[in-house]
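# need coordinates for the below:
(one chain, ligands or ions: 1)
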Amino acid sequence: LVPESFSEESKVMVDFIAEYYRNIEKYPVQSRVERGYLSEKLPDTAPYGPESLEDILKDVSDSILPGLTHWQSPNFFGYFQANASTAGFLGEMLCSGLNVVGFNWISSPAATELESIVMDWMAKMLKLPSSFLFSGTGGGVLHGSTCEAVVYTMAAARDKALEKLDGNENITKLVVYASDQTHFTFQKAAKLIGITKSNFRVITTSFSTKFALSPENVRAAIEEDIKAGLVPLYLCGTVGTTSSRAVDPIKELEKISREYKIWFHIDAAYAGSACICPEFRPYLDGVELADSISMNPHKWFLTNMDCCCLWLKQPKFLVNSLSTNSEYLRNSATESNSVIDYKDWQIVLSRRFRFRALKLWIVMRKHGSANLMYHIRSDVATVARDHRFEIMVPTNFALVSFRLKPQLESISSELNRKLMDAVNSSGHTFMTHGVVGGVFYIRAAFETIMTKERHVDDLWKLLQEKAQILLLHYLN
Ligand code: PLP
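Numbering: from 1, shown residues only. This next block holds a predicted model:
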């Protein structure tokens, strides 16, 4: 790395990105390329000699940008938001620029110590009890995704339980519980840590509970398993489910998990960011009794991908499950037991993972909690009302789940899928869908950082226009 050319070329890259953001509304929001388009545009093999940055960026403009779905477009309302911000970008740049590998304290002390400090800062913003903080009796770690956080905490719960059960063969008795709205990561985690498929309980939710877990149904499932000689292991409660942003009743679920001595994890991947605002914090009430909680700053906290916070009340269970030792990593700091070696809090070793803390630290400092709260509040938009549309799930945060109300219920899914496709294929916007209680609905996630009122108005006009055409077609 030659500092002079690094500086020059980085400026070119930064200008290229700024230009992309200036023009972002000119691209169709959802990419329109055909499958395999890129191999027709790019050579079969890597170049033998070096190429200029100018040539590379020309290819990015001509071949890569047309194949992108523009997640940062103010007209992107699909899936969930991956908020980017200048602060998040600067943090990413600094992480990549320094490129240190901080797997244990000695390999880069500031990386480890900053992470512990940032985890406590974030926990304090969320008003988590001191039992989750390093300055209290717990602690936290930054992962890349909630999927990782769930796998690791489930592995910790499994090993804790198996130690008590006195024998690894008892793994076939362990049962995990979630709802039909819980993110699929839960299913993946259970599979990865060896939970028998038949011991994975998916508890059905319904319109009547606003798609939240019913404590009575959880209790009934647990009781039934205990009667059958099985051992309840892990319950996942979600604050802001992926599909509809439903909120599980944390307080009641925690009582149940204490009663039956089950590991209780709170997945607040999306809505955790909102809980920094006092008006949303009640969704986390009862968190004191949970074993672990995770949230993704890379969704709604202006932190560029990737970044997931995981806090544990007793990190020792995670460390017991994931720690390994190798002679080449032996050092006196580790042996003194007075430092954190984050390699023991996750699978990976040589990744620049620790410096996610640097990114999150810069986001918190450059924005300040007042502006972060303002950002969340301004996103909590409501959809204009039109009697032909129906809100499907109460709007808890900034996701609006709605459908065009058909005269005949039997055509509802078909009609709404067509409406979504018509709106998306216009190229002006992009939304995705969900299904609750067998009913197809359209989701509009109003959290993109560049979205202003006029984009929401445009979306609404487009929806109304396409709905009108579709309804005419169905009426004829
Ligand atoms: N949990 C919830 C509630 C989510 O909404 C999502 C993603 O949309 C996830 C988990 C998965 O998060 P990640 O992509 O960080 O693994």
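# rest of the way, CA atoms for contacts and neighbours
Noted.
# all the strands of the protein, in order from the start?
139-143, 174-179, 200-203, 231-238, 263-267, 292-295, 308-312, 389-393, 399-404, 432-436, 439-445 (DSSP state E).
# near the ligand at all, the first one?
No - if you take C-alpha under 6 Å from any ligand atom as the test, strand 139-143 misses the ligand, and the best it gets is 8.7 Å.
# give me the angle between that strand and strand 308-312.
Orientation check (axes from the mean of the first three to the mean of the last three C-alpha atoms, to 10 degrees): strand 139-143 against strand 308-312 gives 150 degrees.
# show me what strand 139-143 is packed against.
Judged by 3 or more C-alpha pairs under 8 Å, 6 or more residues apart in numbering; DSSP states H and E, the packing partners of strand 139-143 are helix 109-125, strand 308-312.
# give me the mean pLDDT for the first one.
The reference is to helix 109-125. What helix 109-125 shows for mean pLDDT is 95.
# excluding chain neighbours, give the residue nearest to the closest residue to the ligand within the stretch 1-150 of the chain in space.
Of all residues in the stretch 1-150 of the chain, residue 145 sits closest to the ligand, at 3.3 Å by C-alpha to the nearest ligand atom. Spatial nearest neighbour of residue 145, excluding adjacent residues (C-alpha to C-alpha, 6 or more residues apart in numbering): residue 308 at 5.1 Å.
# contacting residues around the one you found?
Taking C-alpha atoms under 8 Å, 6 or more residues apart in numbering as the criterion, residue 308 is in contact with 142, 143, 144, 145, 146, 149, 269, 294, 295, 296, 297, 298.
# weed out the non-buried ones from those residues.
142, 143, 144, 145, 146, 149, 269, 294, 295, 296, 297, 298 (16 or more other C-alpha atoms under 10 Å).
# where do the helices sit along the stretch 201-350 of the chain?
For the stretch 201-350 of the chain, helices defined by DSSP state H, counting those that start in this stretch occupy the ranges 215-227, 250-259, 297-300, 315-322, 332-335.
# most tightly packed of those helices?
helix 297-300 (a mean of 26; mean count of other C-alpha atoms under 10 Å).
# is that helix in proximity to the ligand?
No - contact of helix 297-300 with the ligand is not found when judged by C-alpha under 6 Å from any ligand atom; the minimum separation is 7.9 Å.
# and that helix, how far out from the chain's middle?
Computed by C-alpha atoms, centre = their mean, to the nearest Å, the chain-centroid distance of helix 297-300 equals 7 Å.
# who's in contact with it?
80-84, 269-271, 273-274, 303-309, 360, 376, 447.
# buried subset of those residues as a ChimeraX selection?
Burial among these is assessed by 16+ other C-alpha under 10 Å; the matching ChimeraX selection reads:
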select :80,81,82,83,84,269,270,271,273,274,303,304,305,306,307,308,309,360,376,447
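# tabulate the helices and strands packed on strand 139-143 in TSV, adding columns for distance to the ligand.
Shown next, in TSV, are the helices and strands packed on strand 139-143 (distance: least, C-alpha to the nearest ligand atom, whole Å):
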stretch	distance to the ligand
helix 109-125	17
strand 308-312	6
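# most packed of those?
Comparing the helices and strands packed on strand 139-143 by mean neighbour count (mean count of other C-alpha under 10 Å), strand 308-312 ranks first with a mean of 26.
# how far does stretch 95-103 sit from its chain's centre?
The chain centre lies 23 Å from the centre of stretch 95-103; the measure is C-alpha atoms, centre = their mean.
# revised request: answer the last question for stretch 43-50.
36 Å.
# avg pLDDT for it?
pLDDT averaged over stretch 43-50 gives 94.
# ok so, going back, distance to residue 280 for the helices and strands packed on strand 139-143 - can I get that in TSV?
Putting the helices and strands packed on strand 139-143 into TSV (distance: least, C-alpha to C-alpha, whole Å) gives the following:
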stretch	distance to residue 280
helix 109-125	12
strand 308-312	18
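# relative to residue 400, which of those is closest?
Residue 400 lies closest to strand 308-312 among these, at 24.1 Å (C-alpha to C-alpha).
# the closest one: partners in the sheet, and parallel or antiparallel?
Sheet partners assigned to strand 308-312 using DSSP bridges are listed as strand 139-143 (antiparallel), strand 292-295 (antiparallel).
# what about dumping the CA coordinates of that strand to PDB?
C-alpha atoms of strand 308-312 as PDB (Å, rounded to 0.1, in the frame of the first residue of the first chain):
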ATOM      1  CA  CYS A 308     -25.200  -7.200  15.100                       C
ATOM      2  CA  CYS A 309     -25.000  -6.600  18.900                       C
ATOM      3  CA  LEU A 310     -25.400  -9.600  21.100                       C
ATOM      4  CA  TRP A 311     -25.600  -9.200  24.900                       C
ATOM      5  CA  LEU A 312     -25.500 -12.100  27.400                       C
END
